[in-house]
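S.K.: Got a predicted structure plus its sequence, pasted below:
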Amino acid sequence: MEAILEARGLTKRYGATLALNNVDITLPKGKIVGLLGPNGSGKTTLLKIAAGLLTPTNGVILADNRPIGEATKSVVSFLPERTYLPDWMTVTDCLDYFTDFYEDFDGKRAEDMLGRLAVPANKKMRTLSKGTREKMQLVLVMSRRAKLYLLDEPIGGVDPATRDYILNTIIGNYDNEATILISTHLIADVEKVLDEFLFLKEGVITMHDTTDNVRETQGKSLDELFREVFRC
Amino acid sequence: MAWQFTSNRPIYQQIMEEIELRILNGTYEKGMRLPSVRDLAMTAAVNPNTMQRALSELENQGLVATQRNTGRTVTTDEEAIKHARTVKADSLTDTFLLQMKALGLTKKEVLERLAEREEKEEEHGSNS
């Protein structure tokens, strides 16, 4: 199967802290993959490296067969943990902003989805609730026709109804050519949408398998397996 | 409303059972066109690849057919539906009998209970 993201010996050091330790990953095209691990296990660092926002200390990483850089940013769509949309921008400004930045941005699709959220086009980001701003950011990121989506904790810190909206947006926009890598520690909520998962523990990938296989061979859910593996 | 799944078995198998049930009880009528994979995945709140897998397996079992232009439909083969219903009913009966056995009831006692239930329902004019 063709790979969309490949990493070999990927290492990231922050001073004395080893955030990623010799990580090898191969992610195929057309899958929804969970990047699962407790707080501080290196999830965000890995996503930021793949998004081209951090440079690794060591190792090689390719997205769509190219080294991470300007070229890969055109096929990788990243949702950071915190929204970066400036306070003073209106909904329309944000749409224009994405249209200017990304050739693969599907403005029509974004408007459709925002329509369902019932956010007026002239509303400024400052006046929107935290949940609405996060939904807005997700809609923008998912409206790109990218090959790889990196979503950092898309369902952290929002209420269950918003969580459903977010997961639905992810499922509804997914096309089977693209791969979505979702980091989270809220496993019970996302496991129904995951094809595969990675367990990340203290900067090391400790498991990479399919969700079906865990249920088939071990007779337990991912959530149960996670609680066992990461028991404190 | 998202579909409910238990944690100990693969989700595609549970989706298969749910769709099979809908076909057997007529919610999805014979020959009816099924919703698209994406729509079904969104309704069930599952991964589209998982839904796809469940539908392919149902296709292998002959309960679902793929037409070139119309997408997936429920089979029009009545024998296939009848057969699937028999298999399902047998398996549910086995489970029921096993549970009764675990409770310490003999087959004869189980049959008596069923007959009793039948009488009671007739008295109350219930026909369910």
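M.R.: Received, thanks.
S.K.: for the helix or strand where A:Asp223 lies, which positions count as buried?
M.R.: A:Asp223 is part of helix A:222-229 when elements are defined by DSSP states H and E. Buried residues in helix A:222-229, counting neighbours by 16 or more other CB atoms under 10 Å in any protein chain shown, are found at A:222, A:224-226. For glycine as for every other residue, the C-beta is placed from the backbone atoms N, C-alpha and C.
S.K.: Let me see the backbone angles for the residue in chain B that chain A sits nearest to.
M.R.: Across chain B, the shortest distance to chain A (CB to the nearest CB) belongs to B:Ser7, at 3.5 Å. Dihedral pair for B:Ser7: phi -90, psi -10, per degrees, to the nearest 10.
S.K.: Run through the residues that contact it.
M.R.: A:215, A:220-221, A:223-224 (CB atoms under 8 Å, 6 or more residues apart in numbering or on different chains).
S.K.: How about B:Gln14?
M.R.: Contact partners of B:Gln14, counting by CB under 8 Å, 6+ apart, are B:3, B:5-6.
S.K.: repeat for A:Val193
M.R.: Here A:Val193 is in contact with A:32, A:167, A:170-171, B:45-47 (criterion: CB under 8 Å, 6+ apart).
S.K.: now do A:Pro154
M.R.: With CB under 8 Å, 6+ apart, A:Pro154 has these contacts: A:79, A:134, A:138, A:166, A:170, A:182, A:184.
S.K.: ok, the first one touching A:Leu148?
M.R.: No: in this structure, A:Leu79 sits apart from A:Leu148 without contact. The criterion is CB atoms under 8 Å, and the distance is 11.8 Å.
S.K.: element containing B:Thr6, please.
M.R.: Here B:Thr6 is assigned to no helix or strand, by DSSP H and E.
S.K.: and what of A:Ile25?
M.R.: Counting by DSSP H and E, A:Ile25 is part of strand A:17-28.
S.K.: One more: A:Leu62?
M.R.: strand A:58-63.
S.K.: same thing with B:Ile81?
M.R.: helix B:78-102.
S.K.: And the helix or strand just after that helix, what does it pack against?
M.R.: Going down the chain from helix B:78-102, the next helix or strand is helix B:107-123, by DSSP H and E. If contacts are counted by 3 or more CB pairs under 8 Å, 6 or more residues apart in numbering or on different chains; DSSP states H and E, helix B:107-123 sits against helix B:78-102.
S.K.: Centre of the chain to the helix it packs on, how far?
M.R.: 10 Å (CA atoms, centre = their mean, to the nearest Å).
S.K.: buried sites along it?
M.R.: B:80-81, B:84.
S.K.: Over to stretch A:198-210?
M.R.: For stretch A:198-210, by 16+ other CB under 10 Å, it's A:198-201, A:203, A:205.
S.K.: and what of stretch B:23-33?
M.R.: B:23-24, B:28.
S.K.: does the most centrally placed residue in chain B belong to a helix or a strand, and which?
M.R.: Chain B has B:Leu21 as the residue nearest its centroid, 2.3 Å off, counting by CA atoms, centre = their mean. Assigning secondary structure by DSSP H and E places B:Leu21 in helix B:11-24.
S.K.: before we move on, what about A:Pro56?
M.R.: Counting by DSSP H and E, A:Pro56 is found in no helix or strand.
S.K.: and if you look at A:Ile166?
M.R.: Residue-wise, A:Ile166 maps onto helix A:160-173 under DSSP H and E.
S.K.: of all the contacts of A:Val193, which two lie farthest apart?
M.R.: Largest separation among the contacts of A:Val193 by CB to CB: A:Ile32 and B:Ala45, giving 12.7 Å.
S.K.: Now tell me what touches the helix holding B:Ile81 from outside.
M.R.: So helix B:78-102 is contacted by B:20-21, B:23-24, B:30, B:61-63, B:75, B:107, B:109-110 (CB under 8 Å, 6+ apart).
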